[in-house]
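In: Need coordinates for the below:
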Amino acid sequence: MNKKMRLGLALSLPLIMTACTTVPKDNGIAQVQELLDESKATYDLKMPIDLESPMSAEEITAILSAPLNISDAERMSLHANPEVQANLMLVGIAEADYAQAGRMRNPGFTFERFAAEDYSLSLLFDLGGLLLMPLRRQIEARRLEVARYEAAATVLDHIVNTRRAWLSAVAEQQRTKLMERAVESARTGNQMTRQMSALGHSGVIESAESEILLRQLQASMARQKMTEAASKEALIRQLGLWGSHARMLRLPDTLPELPENLIYFEAIERDAIQNRLDVEIARLNLESMAKNLKLTQLNPFISSVEVGALQETTEGLNEAGYELELSIPIFDAGGVQNARARTVFERAQAQAEVVAIAAASESRQAFVTYRTAWDLAKDFGDQLIPLRKRVSQERLLMYNGMLISVFDLLADVRSAASLESDYVDAVRDFWLADANLQSAIMGTGSRPMIFEEPGASLEAGEGGADH
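Out: Below you'll find the model as predicted:
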């Protein structure tokens, strides 16, 4: 092989290496979908997650034509809320950075002329960048993997938040209906008290107390309606609805029934540490920091090596050759940057331990809360509510037998409504605990710490090597 062929092959090598570094058409959404499918399979979750099949406006309208159930709410929030799409775009940005890491810097062209027939031409390629390209690609691959896991964690977190918003909105609507029944009963009792007072069968005190009770319930009703409206608007924001779709939103009358059986884990801390997405993100960040530390150590000696073809013409005679250019790390051998990179790496190690400790603790806490909330709600439904209904029936019989007054009956109605409202809260708290448990075991319980960008020290090192 002659010199010209070897030189041509050397110059074409960078083009060959960078030819396949492109960004996927879907901006990496398919890989995020795979991570979500793995998370669902781990715990046999029924969440409807499909990022690759967007929901049309017609589908949203069809869903909103009936009361919105929790599954449709979760699915709709992934497609109608632009916040989800904005977070997923970060994966596309990481894909672009990964592709860019596989491309060399553009070559430099130099033309020098000294006389009419005395000049030189040179074409320089970044040989140092070519030598460091595999390590750069590994760093960007880790960062891309982190971006994918963070996107998956964000999607799961958004679904859990949608579930929380839906549960709160339905619970507040149910509490409002209970309050309406109590107000209506108080209004009826107040009218009866007025009639009896007009006939002389009731005293002034009883009449005033009946009026006070009605006014208090009406004030509570007004506050409850404000709370209901706020919770519904929070759900609308979480779903990403606006305009006619926001006005169409209707909810079921009651919360879902309690499950007969609870989820059981033999070693929930181990499962959380092995499967939580934030733990995986911390591990990938740590690996990226280790790669960055290695690159920072090599950067002062390799990053500014350039090689290229050279042609000189002197007095009409052409001479071809090559040129090698490099910087000599005399004033800055990279010691400061190495110390900085090592400190960043050690900090990432400590932060990864914090994430693992939090994952184990949050999973234990979530499981205890889950079981306790189920016990409380079950006791309300199986014991307290039936007993309260029996007491109300006996009170009504006593009133019909003229053994208690209308005011006593109204007080009983108010007490029954308060207990039923507490039962609604207990059921809501259980389902919220269920959502928090799923969040704890899938990795969106607490957001992972923000580690320093792996390329920060690298960019600083490159700045000192420019020529």
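
In: Can you classify residue 160 by secondary structure?
Out: helix (DSSP: H, G, I helix; E, B strand; the rest coil).

In: can you tell me how far it sits from residue 183?
Out: 35 Å (Cβ to Cβ, to the nearest Å). Every residue, glycine included, has its C-beta placed from N, CA and C.

In: Tell me which helix or strand in this protein has the weakest average pLDDT.
Out: The weakest-scoring helix or strand in the chain, judged by mean pLDDT, DSSP states H and E, is helix 456-463 (a mean of 39).

In: rewinding a little: residue 160 and residue 183: which is more packed in?
Out: residue 160 (22 against 19; other Cβ atoms under 10 Å).

In: doesn't residue 435 make contact with that one?
Out: Yes - judged on Cβ atoms under 8 Å, residue 160 makes contact with residue 435 at a distance of 5.1 Å.

In: Looks to me like residue 110 is in a helix.
Out: No - secondary structure assignment (three-state DSSP) places residue 110 in strand, not in a helix.

In: burial count for it?
Out: Neighbours of residue 110 (other Cβ under 10 Å): 12.

In: Residue 172 now?
Out: Residue 172: 23 neighbours (other Cβ under 10 Å).

In: Same question for residue 169.
Out: Going by other Cβ under 10 Å, the residues that sit close to residue 169 add up to 24.

In: Likewise for residue 224?
Out: 21.

In: Residue ranges in the stretch 101-250 of the chain under the pLDDT threshold?
Out: 109, 111-132, 135, 201-202 (pLDDT under 70).

In: now the helices: where do they sit in the stretch 1-150 of the chain?
Out: Here the stretch 1-150 of the chain has its helices, by DSSP state H, counting those that start in this stretch, at 3-18, 29-43, 57-64, 70-80, 82-101, 127-198.

In: shouldn't residue 104 be in contact with residue 133?
Out: Yes - the criterion here is Cβ under 8 Å, and residue 104 meets it with residue 133 at 7.2 Å.

In: is it true that residue 424 touches residue 176?
Out: No - at 10.3 Å, residue 424 and residue 176 do not qualify as touching, with contact defined as Cβ under 8 Å.

In: quick one: which of the two has more around it?
Out: residue 424 (21 against 17).

In: contacting residues for that one?
Out: Applying Cβ atoms under 8 Å, 6 or more residues apart in numbering to residue 424 gives the contacts 171, 174, 175, 178, 255.

In: Wait, a helix at it?
Out: Yes - counting by three-state DSSP, one finds residue 424 located in a helix.

In: From residue 255, how far off is it?
Out: 7 Å.

In: residue contacts, residue 268?
Out: 363, 364, 367, 441.

In: List only those of those residues flagged as buried.
Out: Buried by 16 or more other Cβ atoms under 10 Å: 363, 367, 441, out of the contacts of residue 268.

In: what touches both of residue 424 and residue 255?
Out: Joint contacts of residue 424 and residue 255 (Cβ under 8 Å, 6+ apart) are 171, 174.

In: May I see the buried residues of stretch 247-263?
Out: Across stretch 247-263, burial judged by 16+ other Cβ under 10 Å covers 249, 251, 255, 258, 263.

In: same check, this time on stretch 419-436
Out: By neighbour count with 16+ other Cβ under 10 Å, stretch 419-436 contains the buried residues 419-421, 423-436.

In: Now do the same for it: mean pLDDT, whole number.
Out: Per-residue pLDDT over stretch 419-436 has a mean of 93.

In: Which residues are in contact with residue 228?
Out: Residue 228 neighbours (Cβ under 8 Å, 6+ apart): 169, 172, 173, 175, 176.

In: Kindly recompute the last result at 7 Å.
Out: Applying Cβ atoms under 7 Å, 6 or more residues apart in numbering to residue 228 gives the contacts 172, 173, 176.

In: Can you tell me the closest non-neighbouring residue to residue 255?
Out: Nearest in space to residue 255, with sequence neighbours left out and distances taken as Cβ to Cβ, 6 or more residues apart in numbering, is residue 427 at 4.9 Å.

In: Can you tell me the element that neighbour falls in?
Out: Using DSSP states H and E, residue 427 sits within helix 406-442.

In: relative to helix 127-198, how tilted is that helix?
Out: Here helix 406-442 runs at an angle of 170 degrees relative to helix 127-198 (axes from the mean of the first three to the mean of the last three Cα atoms, to 10 degrees).

In: got the angle between helix 406-442 and helix 70-80?
Out: Going by the same axes, to 10 degrees, helix 406-442 makes 60 degrees with helix 70-80.

In: Distance check, the residue sitting nearest the centre point of the chain against residue 93.
Out: A centroid search over the chain (Cα atoms, centre = their mean) returns residue 154, at 2.1 Å, as the residue closest to the centre. Using Cβ to Cβ, residue 154 is found at 14 Å from residue 93.

In: same check, this time on residue 139
Out: 15 Å.

In: and if you look at residue 138?
Out: 19 Å.

In: Then residue 145?
Out: Separation of residue 145 from residue 93 (Cβ to Cβ): 14 Å.

In: What of residue 346?
Out: 28 Å.

In: What residue, apart from its backbone neighbours, is nearest residue 345 spatially?
Out: Excluding its sequence neighbours, the residue lying closest to residue 345 (Cβ to Cβ, 6+ apart) is residue 289, at 4.4 Å.

In: Over to that neighbour. Which of the three states is it?
Out: helix.

In: hang on, isn't it packed against residue 346?
Out: No - applying Cβ atoms under 7 Å, one finds residue 289 not in contact with residue 346, separated by 8.9 Å.

In: where's residue 215, which helix or strand?
Out: helix 204-239.

In: before we move on, the earlier item: which of the helices of the stretch 1-150 of the chain sits closest to residue 382?
Out: helix 127-198 (19.0 Å; Cβ to Cβ).

In: chain center to the closest one: distance?
Out: From the chain centre to the centre of helix 127-198 is a distance of 11 Å (Cα atoms, centre = their mean, to the nearest Å).

In: Can you tell me which helices and strands it packs against?
Out: Packing contacts for helix 127-198, counted by 3 or more Cβ pairs under 7 Å, 6 or more residues apart in numbering; DSSP states H and E, involve helix 29-43, helix 70-80, helix 82-101, helix 204-239, helix 277-302, helix 406-442.

In: got the angle between that helix and helix 204-239?
Out: 160 degrees.

In: In space, what's closest to residue 363 - neighbours in sequence excluded?
Out: Residue 363 sits nearest to residue 272 (Cβ to Cβ, 6+ apart), 3.8 Å away.
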